[in-house]
Structure formats: C-alpha cells, structure tokens
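Colleague: fold the following, please.
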Amino acid sequence: MSAQQLSKSISLPGLLKIGTEKPKGFTGNARKTTLGFKTPGNLRSMVDLKKTSLVSDHGRQLAALMATAGWRVAFAEPPPPEEVKEEDLIPKNMRYPRITPAWLKHEKQVLRFYAFFQESVPERWDENSRYRHVYVMYFMEDGTIGVNEPKVENSGLTQGTFMKRQRILNEDGVPIGPDDMRVGHDLTLHGRTYHISGCDRFTRWFFEENGIELAEDEDVPTDHWQKGYRTSQVFARGGAPLTRAAVEDKAIQRALGGIPPIDKKLAQFLLNDRKVLRFKGYWDDHTPYGSRVYFIIHYYLADNTCEINEAHCRNSGRAKWPVFMKRGPLRKSNFINATPGMLSCEAPRYLPEDLKVGDSINVWGRTVVLWDCDDFTRSFYKDYLGIDQASTRIDVSEKPLTHAKLHPPPHCGVGKEEDSLLNCSMIQPKPPKVDLERMMKLTGEVLRFECKMINGEPEDELRRLVIAYYAADGDIAVFEVPVRNSGHMGGKFADKRRIKNPDTGLPFQLSDFYVGQVVTIAAQPLQIIRADERCLQFLEARPRQFPFADAKACAKKLLPLAENSELQSDEGVHPDRLKDLASEAGIPLVDHEIVTLLRRFGVPGEKESDQPKIIGQDLLFFAKNLD
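Modeller: The predicted structure follows:
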C-alpha cells in the first residue's frame, strides 16, 4: 500500500489520539474508575439486616471533624506529661550501671608488690648467686599479672619487662588473685618462685579496707655483686677516704719532691666548701630622712669572708641592686693607711664564734643587729659551738602606725554644729543629713518641764521657767513664765537651738530631763519641779528610753521594803515618807520615780487640800508578780 493510500485510511481525529489516551480493550467492557456506589433500597434496612446499632451523636460529631484539615492534631488530647527521673538528667555516656563491672569499677587500679628471687650465676669466681628484685603488679580490672624488673646500671642483665601482662592459673587451675599475695609469702609464677617482701601504700590501704592486715615490709637482702657495685661507685665518685698507707705515701712523696705540706687555707676550703652561714640583720639609719634597712648576711666558712646584701621590701623606693658589701673579709675595726703600700698590722676578722643572734657587729662604722638566722646556721652552731641561736631571736615586726587626728575647730555658735563641721571636711559642703523617720514620727511633739532657778539670789527664787524639748530634732527652748511684781519680764529665756550640757560636753538628750534634776542652761542652774501631762504620757510610753517613767522598774527597786509595816498599811504612805524609807534602805529614788508611782498606785486624799498617797500593798503585789 502506498503512503498516499495509508494517509487516507487513517482519519485525522484518530491520528491525534495516538499516545494521549489509553487504548480500549478488544472486549469493549472497560470498568470506569469511581468511588461512588449505590445501594438498592433503604440504607436503614441494610443496617437492620446487619443488626448493628445506630450511629450515635458523638460518632456524628467525630465524623464531622474529619472535614477539617489536620483534625487529628487539632482535636487530639495532649499526652500526659512524662515524669522526669534523676537518671534521665545524666547523659547516656556518663551513666554507671547498677552493678558495676570489674573493668569499670577497678579501672587503672593496680596492686603492686615488691618481690625478689634468687638466681644462680655459674662460671663466676666472685659470686655464685644473685638476688633479682622485681615488681609484681596485679591489674584488678581484668585479673592479669605483670612482672617488671627495674633497670640497674652495668648489671650485665637484660632488665625491664620480666613477664608480660597475662592471666596465670595456679596448681588447681584457678586464676591467681589478690588472696594469693601476702607480704612475707612466696608466689609461684610459671615455675619461678618469688618472695614478696613489701607493697606500696595503695595496696596496703586496699587490703585494710577489705579487713586484711598485711605484715610489715621486710628488709631486702643484698648479694656480693650489689655490695661490690656500690663500693665501686663510691670510689669512682671520690667519696671513699684514702687509706692510711696511701696518705702516708703521698706525704712522703711530697716531702721528697720539696713540696711544702698543705696549708690551713686549702684544708679549710676542702672541708667547708659550699658551706655558708646565713644571718638576718638590720641597721637603724638615724640620719635625716633615714629609716631601718634590713640585710641578708652570708658568712662563707671556706675562707672566712662575708657578703652583705640589702633586703628591700616592695616599692621601697631604693635602688634595685642589693649588694651592700661585696664578698671580702669583715674586720672588727677598719682603718685606711695614710700612704699606699704602707705596712700595718691587720685588724682581727669576724669569726663564726663572733656572730650571735641578738648581738651587733660593726660594718664600716654601721651597727648591724643580727636578729635571726636559717636552719643550717642554727644546726651548725648547736653541733660545733654549743650555742642555741633560736633562743635569742629578736622580734622585728613593726608596730601599727597611729596617726594623730586633727580635731575640728570649736563651733563658733552660728548655725548648727553639723552644718559647720561639713565646711571643715568638704570643699563643697552639702547640707547635713536629716533623720527623716524621727522627723516624720515626732514632728509637733514638744515636751515641757517646769523648773525654778536655784542660783541662791533672793530676787530669783520666785522665777519660774519652762523648758521645751522638741523631740523631732533635739532642740531646746526655755521660756520664762511672767510673775506679777517679780521685777522680771516674762518671755523667751533661751532661743530654740541645740544646747550642750556643760556636765557631759554633749548636746542635751531627753534622758537628761526628769523631775528633780538640775540642769544648767545659759549659765543658770534650773531645777525641774514638774512636767505636763502630755510629757509624762510620752515618757511612760517609752520605758526603755526613759527608765524613770517605767512603773515596773520603779516598783522592782522597792522590793527590799516588802516587810516594812508602813507599806503594808491600808491607808497608804506619803510620797515624801516613801522617799525617806528608800534612802534609809540604800535605795536611790528620784522625784520622777515618785511621780511615776503616784500615777500608777496613788489615791487622792480625803480632802482636796490633802496630798495623794501611794498604796504600798498594791505596789508590792505588782512588783512580786512581775515576769
């Protein structure tokens, strides 16, 4: 068929569907993909046929929620909070199991025992056996045992790891453990017997913690080779003294050669080289601007020379170099020849027996006091000279400095003293601080005390004054009560200000005013004879600050008069008589205390002209029943 005929046989719509639609089957019965279904008849009848219960309202509500996106997360109940345990706070790589295995419990813990074994040495003329000392180490983390031998110089043996770390079985086939190792016992490893002579401190502590007491460490035996090796080392280092024959031969050879004998200086140098006595001293510089200077004195026993260095403290202001006198002979008296090269006798030197703690030495005209020395110097003097340098040590600790404090100038009388004092302590003074709490609570409180003048002048006997104490700021003002035909004008006697008590030198306080007290104001003695009702109530409300207004304290003072018949009387006792009875018994009472007792235990007289009396029975009963 030609191409033209083929194009005519295929229609255009069929050509466009090629590759875009699934070809239909040859049966022509293709099933459509759909989720829809139809139920024949009534749905209620199908439910009845299956004998199932009807859908409840709660079920319908849950089905309606399914139309909301994310309904499982939005309407799901939150899970109950999990209980956090202590073990959850510890990271997993740091948790320990409840039953700790040995490899974790005993990690890096090793029991070390000191042991030795005897080994025969054939074909030697100077020895037939040798003791070899080893360390037996038991690793508790896995129960293995290792044996190491310390290396000894020129021993002729290959030393180091004697037996590698491994687990070893005993004769019964059981691994060897710590129970098989004891100090003083023998231990057999691979057919070789070791004698355990000691152990280290950790091993001994480990056994004591487990209730096992190990024996004391044994002395380690030495063989002929070790003795000879130690002796050869001593000779090689020149530590062994020469024999008598060698010394005599050397002396004969030196004499035959014309060499003089060894002088004392060389002998002293060979015996005392590197031996230095160290003292601590000080010199009091009494020159202008001088101070105490501390020194470190080095005395060299090799050649009897001395060196003195300054021991400066931090930020002393002195030069950095410490050398005060370079090393050389320290003479007791120094002088200079008039002519260079002039012969003169040498002054005696300071020797070790001249240097004692507590004494002084002359260093080129300066008196240096030795106040302490080091431990080597103390032992040297105690061993060779029999002198105890520690007993004469001087305490050079400086006493704390006390600076004289300048007192402020006296108050000029203008203004308050606190305000004037700030001008002395500050360039730009600030107003003095005010006790705001006292000002807020006591503003308006004025305590008034009536007093009379007792200066002995007849014209002043009738004068009456009122002392006003302002509790908010402690100021005092005095007013004179006008008296007719007295010759004195009433009014202000002293301005309101802070007045000093001439008896104490301090400003008047509230405790300085009470009935019966004599105070001096404006150079006039004033005796307080009474106080107003508001003042008495104010004082009685504060018994701790003003004990004369405390009824409990006043009644307690009269307990020694409990057996007095006048106090037991029902009629009461006169206040003046009570004061006389108290003075006879040695009990001091002031007039303010009598006023306090009258206000608490007093009763008025039968007539208006009679003075009130104090009921002694009530007073004593109150005093006896106090807590």
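Colleague: so where is the protein shaky, pLDDT-wise?
Modeller: 1-54, 605-610, 626-627 (pLDDT under 70).
Colleague: nearest residue to the middle of it?
Modeller: residue 400 (24.0 Å; Cα atoms, centre = their mean).
Colleague: that's a strand at it, yeah?
Modeller: No. Looking at residue 400 with DSSP: H, G, I helix; E, B strand; the rest coil, it is coil, so not inside a strand.
Colleague: how about the helices in the stretch 251-400 of the chain?
Modeller: For the stretch 251-400 of the chain, the helices defined by DSSP state H, counting those that start in this stretch cover 264-272, 375-380.
Colleague: so of these, which one's packed in deepest?
Modeller: Burial of the helices of the stretch 251-400 of the chain is given as mean neighbour count (mean count of other Cβ atoms under 10 Å); helix 375-380 ranks first at a mean of 15. From N, CA and C alone the C-beta is placed, and that goes for glycine too.
Colleague: how far does the helix or strand that that one is followed by sit from its chain's centre?
Modeller: On the C-terminal side of helix 375-380, the nearest following helix or strand under DSSP states H and E is helix 417-425. Chain-centre distance of helix 417-425: 40 Å, with Cα atoms, centre = their mean, to the nearest Å.
Colleague: what's helix 417-425 in contact with?
Modeller: Contacting residues not belonging to helix 417-425 are listed as 408-409, 411-412, 414, 429-432, 498 [Cβ atoms under 8 Å, 6 or more residues apart in numbering].
Colleague: ok, 10 Å please
Modeller: Outside helix 417-425, the residues within contact range by Cβ atoms under 10 Å, 6 or more residues apart in numbering are 406-416, 428-434, 497-498, 500, 507.
Colleague: if you count neighbours, what's buried in that helix?
Modeller: For helix 417-425, burial by neighbour count (16 or more other Cβ atoms under 10 Å) applies to 417, 420.
Colleague: quick check: what element follows it along the chain?
Modeller: Following helix 417-425 in sequence, per DSSP H and E, is helix 436-442.
Colleague: convert that following helix to PDB, retaining C-alpha atoms only.
Modeller: The C-alpha coordinates for helix 436-442 follow below in PDB (Å, rounded to 0.1, in the frame of the first residue of the first chain):
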ATOM      1  CA  LEU A 436      13.600  61.500 108.200                       C
ATOM      2  CA  GLU A 437      12.000  58.800 110.300                       C
ATOM      3  CA  ARG A 438      12.400  60.700 113.500                       C
ATOM      4  CA  MET A 439      11.200  63.900 111.800                       C
ATOM      5  CA  MET A 440       8.000  62.200 110.400                       C
ATOM      6  CA  LYS A 441       7.100  60.500 113.600                       C
ATOM      7  CA  LEU A 442       7.900  63.200 116.200                       C
END
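Colleague: so which residues of the stretch 201-350 of the chain form strands?
Modeller: For the stretch 201-350 of the chain, the strands defined by DSSP state E, counting those that start in this stretch occupy 276-284, 292-300, 305-310, 323-328.
Colleague: so which of the helices of the stretch 251-400 of the chain is nearest residue 311?
Modeller: Closest to residue 311 of the helices of the stretch 251-400 of the chain is helix 375-380 (Cβ to Cβ; 16.1 Å).
Colleague: that closest one: how far from the chain's middle?
Modeller: For helix 375-380, the distance to the chain centre is 36 Å (Cα atoms, centre = their mean).
Colleague: make 858 the first number, not 1, from now on.
Modeller: Done: numbering now begins at 858, and the last item shifts to helix 1232-1237.
Colleague: can you list the helices of the stretch 1108-1257 of the chain in CSV and add distance to residue 972?
Modeller: Listed next are the helices of the stretch 1108-1257 of the chain as CSV, based on distance: least, Cβ to Cβ, whole Å:
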stretch, distance to residue 972
helix 1121-1129, 44
helix 1232-1237, 39
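Colleague: to residue 1034, which of those helices lies closest?
Modeller: helix 1232-1237 (48.7 Å).
Colleague: helices and strands around that closest one, which ones?
Modeller: Counting contacts by 3 or more Cβ pairs under 10 Å, 6 or more residues apart in numbering; DSSP states H and E, helix 1232-1237 is packed against strand 1133-1141.
Colleague: grab the nearest non-local neighbour of residue 1126.
Modeller: Of all residues beyond its chain neighbours, the one nearest residue 1126 is residue 1159 (4.9 Å), with distances taken as Cβ to Cβ, 6 or more residues apart in numbering.
Colleague: my read: that neighbour touches residue 1127, true?
Modeller: Yes. Using Cβ atoms under 10 Å, residue 1159 makes contact with residue 1127 at a distance of 8.7 Å.
Colleague: ok, residue 995 - how many residues close by?
Modeller: Residue 995 has 19 neighbours, counted by other Cβ atoms under 10 Å.
Colleague: assign the residue nearest to it when sequence neighbours are not counted to helix, strand or coil.
Modeller: Nearest non-adjacent residue to residue 995, counting by Cβ to Cβ, 6+ apart: residue 968, 4.3 Å away. With three-state DSSP as the basis, the three-state label of residue 968 is strand.
Colleague: buried ones in stretch 1361-1377?
Modeller: For stretch 1361-1377, burial by neighbour count (16+ other Cβ under 10 Å) applies to 1365, 1367, 1369-1374, 1376.
Colleague: bridging residues for residue 1388?
Modeller: Going by DSSP bridges, residue 1388 is paired in beta bridges with residue 1306.
Colleague: just to revisit the earlier point, residue contacts, the residue nearest to residue 1126?
Modeller: 1122, 1125-1133.
Colleague: which of the residues you listed lies closest to residue 1398?
Modeller: Once Cβ to Cβ is applied, the member of the contacts of residue 1159 that ends up nearest residue 1398 is residue 1133, at 80.3 Å.
Colleague: so the closest one touches residue 1157, yeah?
Modeller: Yes. In this structure residue 1133 lies within contact range of residue 1157 using Cβ under 10 Å: 5.6 Å.
Colleague: no further questions, thank you.
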